[in-house]
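Novice: for reference, the sequence and a predicted model appear below.
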Amino acid sequence: MGPLLQVYKKYLISNAVVRPIPPNFQSKGLQTQWVISTRTLVEEISDDEDVVPVKLTYTKFIDLIKYMNIKDQSVDILAVIIFALDRKQISRDGKESVIQKFVLVNEGFQTVKLSMWDAFVNDEGQKILQNMHKFPIVICRRVRVGYYNGMASSTWFDSVFLVDPPIQEARELKNWALRNESLLLDIVNQKLYENHDLELSFQPSQKFTQDCNLTGMQKAAWVNVRFSFENTFQRYWYMACSECFRSTSAMHGVAFLCNSCKEKHSAQPRCHFDVDLEDETGTVTTSIFGDLAEKLLIFTVTEAMDHFN
Ligand SMILES: [Zn+2]
């Protein structure tokens, strides 16, 4: 957008040309566009009314699961951004892409990650980073919902971000964030956003997949199974990168160059073991990691490491 038009200001625009948008470039519900030329008149209007008069309906975090991995379905989210993870360069379908993840929080202290891709990272992403210390409020329009280590959202080509929009709901959320600053910082410092939030991904209406119908294509599935643990001759832990949990041969506590993170991180033990999940249609072996594994094992990973070395 040129310097003439700025976000959150009001303008009176006359003599713009209205044209249909070619089908390939249409976003949901938008079929016409305005084309501004040298003959268009643009006048700024100043008044005190909210600049975003359109009442958006935001999807609650708890309802995101309804949109998970559904093509052509996107959601609008209003949230506080409390943390930015490191920006990463990755290869996707043979093309280089930039991705940056942010942690979104709602007023129930629930977290959902937002993956920003490519142009969004340098544009809106930068704006969010500059305001990171002030708990930026963001309206994410038309983002997709997927599953990647928990319920997650991601930009799509027609996503739009409004950072600290001048609307009442955003102001209220900002005040809430400032009042709860220490709790929000706990979520960041203790990396609580990495924990699996059952409430977000499991609901009473959940459909279960039978063991025999599980496929490698599924990113996530719920199964209703019996749990058996017959192979007790396991190691129960492995040495991992403290950041990405990839396994490493580095010694405990040693900082090493992680192949996956491409950065130096400390080697820390992580709990891991396999169990069998069985229903009337078959048995599936499943690996359990981290906190959940420790909880089921009733050993800490350090105890497991001392015991099964
Ligand atoms: Zn790593």
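Specialist: All right, it came through fine.

Novice: residues from this structure in reach of the ion?
Specialist: 241, 243, 244, 258, 260, 261 (CB under 5 Å from the ion). (Each C-beta comes from the backbone N, C-alpha and C, glycine too.)

Novice: just the buried ones out of those residues, please.
Specialist: Neighbour counting with 16 or more other CB atoms under 10 Å marks 241, 243, 258 as buried within these.

Novice: can I get the residues you listed in TSV with secondary structure and pLDDT?
Specialist: Conversion of those to TSV gives the following (DSSP: H, G, I helix; E, B strand; the rest coil; pLDDT from 0 to 100):
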residue	secondary structure	pLDDT
241	strand	94
243	coil	87
258	strand	92
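
Novice: tell me which of the residues you listed is nearest to residue 179?
Specialist: For these, the minimum distance to residue 179 (CB to CB) is 31.3 Å, reached by residue 243.

Novice: and the closest one, how far is that from residue 124?
Specialist: To residue 124, residue 243 is 25 Å away according to CB to CB, to the nearest Å.

Novice: leaving out the residues flanking it, which one is nearest to residue 151?
Specialist: residue 200 (4.7 Å; CB to CB, 6 or more residues apart in numbering).

Novice: quick one: pLDDT of the one you found?
Specialist: pLDDT recorded at residue 200 is 83.

Novice: where does it fall, phi/psi-wise?
Specialist: Here is the backbone geometry of residue 200 (degrees, to the nearest 10): phi -80, psi -30.

Novice: again with residue 305
Specialist: Dihedral angles (degrees, to the nearest 10) for residue 305: phi -70, psi -40.

Novice: if we can go back for a sec, in contact with the residue nearest to residue 151: list those residues for me.
Specialist: Counting by CB atoms under 8 Å, 6 or more residues apart in numbering, residue 200 touches 61, 62, 64, 65, 110, 112, 150, 151.

Novice: same deal with residue 30?
Specialist: residue 21.

Novice: again, only using 10 Å
Specialist: Contacts for residue 30 (CB atoms under 10 Å, 6 or more residues apart in numbering) come out as 21, 158.

Novice: mind checking how far it is from residue 204?
Specialist: 36 Å.

Novice: can I get the CA coordinates of stretch 278-292 in CSV?
Specialist: Provided in CSV are the C-alpha atoms of stretch 278-292 (Å, rounded to 0.1, in the frame of the first residue of the first chain):
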residue,chain,number,x,y,z
GLU,A,278,-5.3,-52.4,21.0
ASP,A,279,-8.9,-52.4,19.9
GLU,A,280,-11.1,-55.1,18.4
THR,A,281,-9.7,-54.3,14.9
GLY,A,282,-6.0,-54.6,15.6
THR,A,283,-2.9,-53.4,17.5
VAL,A,284,-0.8,-50.3,16.9
THR,A,285,2.6,-49.6,18.5
THR,A,286,2.9,-46.1,19.6
SER,A,287,5.9,-44.0,20.9
ILE,A,288,5.3,-41.8,23.9
PHE,A,289,7.6,-38.9,24.5
GLY,A,290,8.5,-36.2,27.0
ASP,A,291,6.3,-35.1,29.9
LEU,A,292,3.5,-37.5,29.1
